[in-house]
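Q: Starting from these lines, generate the structure:
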Amino acid sequence: MKAIITDLDRTLLRTDKTVSEYTYTVLKKCHDRGLILMAATARPERAILTYHNRINFKAITTLNGARIILPHKIIENGILPSSAENILNKVIMIPDIVLSLETGNGIFSNVPIPEWNATVFSEFPTLPTESIIYKILLSSKDDNIQQEVKKALTADTYMTVAEGKLIQIMSTATTKWNGIKAMLKAVGLKQNEAVYFGDDNDDIEAIKNCGMGVAVSNAIDEVLDVADFITESNDLDGVARYIEKNLL
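A: Sure thing, here's the model as predicted:
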């Protein structure tokens with residue numbers, strides 16, 4: 001393996017969103033050995049800077065592949081404004097819906113979300129900005145809204161569910177796997193030269209298609225079923241422990 005690619009939340013990060021000093025030390029050893037470190041996350045760029053500043057990833061797939069940060073360029077895969085408006089017109093009618101848009105001008109939500117530093121916007125389904133729309137994020141107290149949301153999708157969008165509750169709507173061009181392929185191409189590596197660590201639905205393609213796919217033990221069953229190997233949980237530094245034992 002010449003590259004290590006990892007998801008962040010519930011994989012490299014502990015449940016409290018920290019990275020242990022042990023993990024940082026192991027990742028520094030990877031740099032010293034010439035292994036390329038990259039990340040693939042649902043988070044926006046602004047939400048990973050603390051980790052990136054210490055780890056120094058060579059490339060990062062953010063927002064599930066809506067924004068891919070390569071060494072010498074950035075690739076963006078946004079939702080067409082017309083598609084976003086069509087979807088918003090339908091999902092805004094769902095009772096008690098919590099609706100957010102991740103955009104090039106930050107995140108806008110119909111309710112306050114302090115942990116996201118979201119700007120409250122009360123005019124949905126009108127788009128809050130002319131900037132690129134990366135994602136539509138939806139949640140509700142009612143866990144049975146997925147079928148209703150599916151009916152609102154356009155031909156050029158799709159949805160995933162993170163942590164069993166957060167619905168993410170994105171362009172069909174936006175996948176972690178597309179981002180990973182772009183990152184590997186940018187550094188001149190083949191997919192069979194990379195190991196991928198993940199835990200959730202949007203990690204399955206990479207787990208299956210990279211040279212080695214490793215699930216943390218707290219991953220969902222669908223990821224555990226397709227992984228080549230299973231390491232310890234995120235709270236027990238499973239990614240770093242696997243790397244130290246098998247790749248260094």
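
Q: where in this structure is pLDDT low?
A: Within the chain, the ranges that satisfy pLDDT under 70 run 143.

Q: hey, where'd the helices end up in it?
A: Residue ranges of the helices in the chain, as given by DSSP state H, are 21-32, 49-55, 81-91, 146-152, 176-186, 204-209, 221-226, 238-246.

Q: want to throw those into JSON lines with distance to Arg10 and mean neighbour count?
A: Bear in mind the C-beta positions are built from the backbone N, C-alpha and C, glycine included. Putting the helices of the chain into JSON lines (distance: least, C-beta to C-beta, whole Å; neighbours: other C-beta atoms under 10 Å) gives the following:
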{"stretch": "helix 21-32", "distance to Arg10": "14", "mean neighbour count": "15"}
{"stretch": "helix 49-55", "distance to Arg10": "14", "mean neighbour count": "14"}
{"stretch": "helix 81-91", "distance to Arg10": "26", "mean neighbour count": "17"}
{"stretch": "helix 146-152", "distance to Arg10": "20", "mean neighbour count": "14"}
{"stretch": "helix 176-186", "distance to Arg10": "14", "mean neighbour count": "22"}
{"stretch": "helix 204-209", "distance to Arg10": "14", "mean neighbour count": "20"}
{"stretch": "helix 221-226", "distance to Arg10": "10", "mean neighbour count": "15"}
{"stretch": "helix 238-246", "distance to Arg10": "10", "mean neighbour count": "19"}
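
Q: tell me the domain boundaries of this structure?
A: 3-76+174-246, 81-171 (automatic domain parsing).

Q: Need phi/psi at the residue nearest to the spatial centre of the chain.
A: Centroid-nearest residue in the chain: Ala42, 2.1 Å away (criterion: C-alpha atoms, centre = their mean). With angles defined as degrees, to the nearest 10, Ala42 sits at phi -80, psi -10.

Q: I figured it was touching Gln168, is that so?
A: Yes - the pair Ala42 and Gln168 passes the contact test of C-beta atoms under 8 Å, sitting 6.8 Å apart.

Q: Spell out which residues are contacts of both of those two.
A: Overlap of the contact sets of Ala42 and Gln168 (by C-beta atoms under 8 Å, 6 or more residues apart in numbering) consists of Asn64, Ala162.
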